[in-house]
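K.L.:
what's the 3D shape of this:
(one chain, ligands or ions: 1)
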Amino acid sequence: MSAPLAGRIALVTGASRGIGAATAARLRGAGATVIRAARSAMPPTEGMHDFRVDLADAGARTAFLDAVEAAHGVPHLIVSNAGAFILAPLEETSDDLLREQLAINLEVPFAVARRFLPAMRRRGSGHHVLVGSVADLRAFPENAAYAASKFGARGLHEVLVEEYRGSGVRCTLVSPGPTDTAAWDPFDPDTREGFPDREAMLRPDDVADAICWAVTRPARAHVESIRLSPR
Ligand SMILES: NC(=O)c1ccc[n+]([C@@H]2O[C@H](COP(=O)([O-])OP(=O)(O)OC[C@H]3O[C@@H](n4cnc5c(N)ncnc54)[C@H](OP(=O)(O)O)[C@@H]3O)[C@@H](O)[C@H]2O)c1
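P.N.:
Got it, this is the predicted structure:
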């Protein structure tokens, strides 16, 4: 089948670059109409509809979700990917930093899921993909805020799997290891001890391929989680 997602509406958050941009392109390639959301401008692309929004701003997020539903209805597929990576020792993690990390990595996927999953249940079908991290299960130094957000996101995913089991709504957690994106730019991993070289990291397309694979399985098959690491 060349276009397994033809006729499907896919919402991808954090689609302006990195894993989200690669995923949007893969889903479009599989035939979906793709709604991309991010704060930055995205290059106009056939079959994609772009929303510039700060998803961490609750009011702007609600207006965005309303606009998506008004223009496109309830999406068939959501990839909750928007995220940020704060690397800091506990002592240097201020309340503001912690709040910022929890907002984009945990509160945003929570709010997006709560908005659309009930309607997916009523429809009897849908797919929710949450982009977690190797750090949603493993602890690394300087990851207190990031781990809190990603362990929390994995917890959210695991609850969704149970609450929606048998409803026709499938939930998939995709947890990548280090992936060469702009998220690493502030940290220069190539020169920092204990960090993988960028060359050895996954590429955004590797993660996008895993997501695309999970969402194109037959409706009877539920891929609950994928953990993807560099070799
Ligand atoms: N790279 C890795 O090694 C790695 C490993 C494991 C998991 N992950 C996870 O993968 C996901 C994507 O990360 P990435 O590496 O692709 O990072 P990235 O290149 O920095 O991309 C992050 C995306 O999220 C969007 N975003 C961030 N804050 C936002 C906000 N407040 N409102 C709307 N959009 C926002 C950004 O768009 P704007 O800046 O334009 O708003 C961008 O499109 C994240 O959840 C991350 O935790 C990454």
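K.L.:
so what's the residue nearest the centre of the chain up against?
P.N.:
Ranked by distance to the mean C-alpha position of the chain (CA atoms, centre = their mean), the top residue is Asn81 at 1.7 Å. Listed by CB atoms under 8 Å, 6 or more residues apart in numbering, the contact set of Asn81 reads 12-15, 19-20, 23, 129, 131. In short, each C-beta sits where N, CA and C put it, glycine included.
K.L.:
nearest to the ligand, of these?
P.N.:
Gly14 (2.7 Å; CB to the nearest ligand atom).
K.L.:
any idea how many residues pack against the nearest residue to that closest one once chain neighbours are set aside?
P.N.:
Residue nearest to Gly14 in three dimensions, not counting chain neighbours: Ala82, with 3.0 Å by CB to CB, 6 or more residues apart in numbering. Taking other CB atoms under 10 Å as the criterion, the count of residues near Ala82 is 26.
K.L.:
do the same with Ala153
P.N.:
Using other CB under 10 Å as the criterion, Ala153 is surrounded by 25 other residues.
K.L.:
ok, now Ala221?
P.N.:
Ala221 is surrounded by 9 other residues when neighbours are defined as other CB under 10 Å.
K.L.:
same deal with Cys212?
P.N.:
Counted with other CB under 10 Å, residues neighbouring Cys212 total 22.
K.L.:
can you tell me which residues contact it?
P.N.:
23, 26-27, 29-30.
K.L.:
quick one: stretch 182-190 near the ligand?
P.N.:
Yes. Using CB under 6 Å from any ligand atom as the criterion, contacts between stretch 182-190 and the ligand involve 182-183.
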